[in-house]
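Trainee: predicted model and sequence below, questions to follow.
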Amino acid sequence: MAEYIEREAAVNAIIAIMPSMSTPDGHGERDDLVLAAQEMCEDNIREINNIPAADVAPVVHGRWEHTRQTIDTLGQTQCTNCGWWTLDPSVDGAYHYCPTCGAKMDLED
């Protein structure tokens, strides 16, 4: 299964490890290596920004909530995310996703 990350989080992770121009001894030794590492980090950031964005939607979670039948009302099963309801008591086993809002029915009671 494909995994998706936020572009900004990936760029921030690279920036966090990007070396600064100050060297531990303060004399500027090994500046060429620091510059090379910075350029590689900048190349990586540029490549991340050039990757086309995937068309994904966040997963919404919910659960089926059951109300019992009383003398005055019929029992029903309802989506906790959008409120869609049905009188069909077998909906819990039949639908793993709400047919109206698409919520994944995996939340615990």
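Mentor: Looks like it came in fine.

Trainee: tell me how far Ala57 lies from Trp64.
Mentor: Counting by C-beta to C-beta, to the nearest Å, the gap from Ala57 to Trp64 is 21 Å. For every residue, glycine as well, the C-beta is placed using N, CA and C.

Trainee: actually Asn44, sorry about that
Mentor: 45 Å.

Trainee: break the protein into its domains for me.
Mentor: Using automatic domain parsing, the domain ranges for the chain come out as 7-50, 61-105.

Trainee: tell me which residues in the helix or strand where Leu35 lies are buried?
Mentor: Under the criterion of DSSP states H and E, Leu35 resides in helix 31-50. For helix 31-50, burial by neighbour count (16 or more other C-beta atoms under 10 Å) applies to 34, 41, 45.

Trainee: and Ala57 and Trp64? which has more neighbours close in?
Mentor: The residue with more neighbours, out of Ala57 and Trp64, is Trp64; 18 against 6, by other C-beta atoms under 10 Å.

Trainee: could you give the bridge partners of the more buried one?
Mentor: Beta-bridge partners of Trp64, counted by DSSP bridges, are Cys79.

Trainee: this structure: helices as residue ranges?
Mentor: 7-17, 31-50, 91-94 (DSSP state H).

Trainee: can I get these in CSV with mean pLDDT and distance to Cys79?
Mentor: Formatted as CSV, the helices of the chain follow (pLDDT from 0 to 100; distance: least, C-beta to C-beta, whole Å):
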stretch, mean pLDDT, distance to Cys79
helix 7-17, 93, 31
helix 31-50, 90, 37
helix 91-94, 72, 9
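
Trainee: what's the local residue count around Val91?
Mentor: For Val91, using other C-beta under 10 Å, the count is 20.

Trainee: OK, contacts around it?
Mentor: Neighbouring residues of Val91 by C-beta atoms under 8 Å, 6 or more residues apart in numbering: 64, 77.

Trainee: so who does His61 touch?
Mentor: Here His61 is in contact with 81, 103-107 (C-beta under 8 Å, 6+ apart).

Trainee: of those residues, select the buried ones using a PyMOL command.
Mentor: PyMOL command restricting those to the buried ones, with burial defined by 16+ other C-beta under 10 Å:
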select buried, resi 81+103+105
